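Trainee: Below are the sequence and a predicted model for it; my questions follow.
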Amino acid sequence: MRKSIGILVKTLLGLEKLAEARIEELEVEEVKLEAEAKPQGFPGLVSVYVEPEDAKWIVAERIEVEIPEAERVLPAQANVKAEVEEIARAAVKVAESNFKAGETFAVRTVRRGRHPFTSIDVNVRVGSAIVEALGSQVDLERPDKVLWVEILGSEALIGVLEGSKVWRKAKPGKYDVKQYLRRISLVQMPYLGPLDAAEAMGSRIGRAAQAI
């Protein structure tokens, strides 16, 4: 039986294997970690399997702090089949456990693979189900909570992020630096000195590049 994904990590394209290796190097007491780059062949993702399952919150926090390749860390609170009604039912349960009275929300869906529905279909159905069940109000611009749905083929992961973590990064007037970072080339000139010095220099340059 296939394991359920505990955490979904989003990375820049090309950094999946590096993120996978760094995540598996994390040492968390009494926790077993397994990471998979490009799950089901989908780029820009690393799936993380955690045992025991309730330790995923600790692991997710460690990944956010210690893994620079992780652009977004999404601990899954529900894993269901990629069917709209099943996603909606699970999303309501997740919302009930996370939304406070008076908080606004938005639904964000990313769909990968072929399905008889679109991401917008999921957003609309899940949003209406939560409004009907909880009476929460939708705010697509600056929500208090973002209920995210990540669909990977036949599997759908559901979780909740604080809205400030999402819209703070994309607030008006903030530039997307990725378009500039893609133009940067890192060149290391040959070093003909002692081998141990070359190794130390290469390691430091690599870590600096990762940080950038």
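Mentor: Right, received. Where do you want to start?

Trainee: May I see the buried residues of stretch 30-45?
Mentor: In terms of neighbour count (16 or more other Cβ atoms under 10 Å), stretch 30-45 has its buried residues at 31, 33, 35-39, 42, 44-45. From N, CA and C alone the C-beta is placed, and that goes for glycine too.

Trainee: which residues in this protein form helices?
Mentor: All helices of the chain, identified by DSSP state H, fall at 16-24, 56-66, 84-98, 119-134, 163-167, 178-181, 195-211.

Trainee: got TSV for those helices, with distance to residue 75, mean pLDDT and mean neighbour count too?
Mentor: What follows is the helices of the chain, written out as TSV (distance: least, Cβ to Cβ, whole Å; pLDDT from 0 to 100; neighbours: other Cβ atoms under 10 Å):
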stretch	distance to residue 75	mean pLDDT	mean neighbour count
helix 16-24	13	94	19
helix 56-66	4	93	16
helix 84-98	11	97	18
helix 119-134	18	96	17
helix 163-167	13	76	15
helix 178-181	24	67	9
helix 195-211	23	77	11
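
Trainee: Could you dump the ones you listed into JSON lines with distance to residue 104 added?
Mentor: Compiled in JSON lines, those are given as follows (distance: least, Cβ to Cβ, whole Å):
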{"stretch": "helix 16-24", "distance to residue 104": "32"}
{"stretch": "helix 56-66", "distance to residue 104": "24"}
{"stretch": "helix 84-98", "distance to residue 104": "12"}
{"stretch": "helix 119-134", "distance to residue 104": "11"}
{"stretch": "helix 163-167", "distance to residue 104": "8"}
{"stretch": "helix 178-181", "distance to residue 104": "28"}
{"stretch": "helix 195-211", "distance to residue 104": "35"}
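
Trainee: quick one: which of those is nearest residue 157?
Mentor: Set against residue 157 and scored by Cβ to Cβ, the helices of the chain come closest in helix 84-98, at 9.8 Å.

Trainee: tell me what the closest one is packed against?
Mentor: Counting contacts by 3 or more Cβ pairs under 8 Å, 6 or more residues apart in numbering; DSSP states H and E, the secondary-structure elements packed against helix 84-98 are strand 78-81, helix 119-134, strand 145-152, strand 155-162.

Trainee: Nearest to residue 58 among those would be which one?
Mentor: Evaluated over the helices and strands packed on helix 84-98, closeness to residue 58 peaks at strand 155-162, with 15.5 Å, by Cβ to Cβ.
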